[in-house]
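Asker: task: produce atomic coordinates for the following.
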Amino acid sequence: MLLIESCRLTWPDFTANYSLKVPTGHLCAVVGPSGGGKTTLLHMIAGFEVPESGTLAFAGQDLLPLTPAERPVAIVFQDHNLFPHLTASQNVALGLQPSLRLTGRERALVTDMLDAVGLSGFDQRRPGEMSGGQRQRVAFARALISGRPLILLDEPFSGLDPGLRRDMVQLVDELRRRRPVTIVMTIHTPEDVADLADQMAFVTHGEVAASGTPADILQGPLAARVAASILDE
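Answerer: Here you go, the predicted model:
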């Protein structure tokens with residue numbers, strides 16, 4: 001389980017205080033207004049922001065003493081963060097070996113992972129030769145191949161058209177069921193994930209205002225606030 005309890009972060013113009021539990025293997029969609037603290041929550045889990053107090057643990061391991069590199073976490077950003085001079089297979093391989101010195105087995109794993117995300121035959125293409133959706137698939141493949149059990153997705157599909165965005169959300173769901181991982185994903189179109197996510201959290205003003213099933217959030221007491229926050233995005 002991902003356990004976050006009373007994790008407080010303070011800046012001159014913003015204060016956050018997060019509490020959230022995500023069971024192991026769940027897909028948790030995080031929704032809320034722009035500037036409400038969704039990305040900050042992911043950055044804190046990843047170790048890019050360090051809370052002043054509170055508890056942050058995954059699978060019983062205290063994450064707070066660990067650097068970002070030491071945490072069992074892989075993160076995919078909205079801009080996918082691929083290296084433009086590397087091929088798709090090399091970008092994915094970074095999730096295994098930053099040196100890119102792979103064994104034969106590791107090269108086979110990279111090929112299999114590109115296959116799994118629907119990019120068979122794209123191994124020698126560079127990011128500039130691929131569409132936005134294809135680049136996001138490469139970034140997701142790199143996160144999955146790392147073997148880290150907690151994957152954070154920060155608005156990864158917001159630049160895609162609705163049909164492709166839905167396809168990508170379905171791909172994430174399919175792959176996380178085949179390769180047991182826990183996923184926390186910020187998204188500004190909750191309708192794309194409402195029937196797939198196990199859990200949804202509404203984050204606003206630096207707090208998790210509500211957490212439950214997608215139906216709890218989208219049809220519950222805070223439904224109007226959630227809908228208004230989506231319009232603000």
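Asker: domain ranges for the chain?
Answerer: 1-72+150-233, 82-147 (automatic domain parsing).
Asker: let's have these in a markdown table, adding mean pLDDT and mean neighbour count.
Answerer: Heads up, the C-betas are built off the backbone N, CA and C, glycines and all. Below are the domains of the chain laid out as a markdown table (pLDDT from 0 to 100; neighbours: other Cβ atoms under 10 Å):
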| stretch | mean pLDDT | mean neighbour count |
| --- | --- | --- |
| domain 1-72+150-233 | 92 | 17 |
| domain 82-147 | 92 | 17 |
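Asker: which residue is nearest the centroid of the chain?
Answerer: Nearest to the geometric centre of the chain sits Leu153, at 1.6 Å (Cα atoms, centre = their mean).
Asker: the chain: strands as residue ranges?
Answerer: 2-11, 14-22, 27-31, 53-58, 61-62, 73-76, 150-154, 182-186, 199-204, 207-212 (DSSP state E).
Asker: what helices and strands are in contact with the last one?
Answerer: To tie it back to what came earlier, the one meant is strand 207-212. strand 14-22, strand 199-204, helix 214-219 (3 or more Cβ pairs under 8 Å, 6 or more residues apart in numbering; DSSP states H and E).
Asker: for the fourth one, same thing?
Answerer: Using 3+ Cβ pairs under 8 Å, 6+ apart as the contact criterion, the neighbours of strand 53-58 among helices and strands are strand 2-11.
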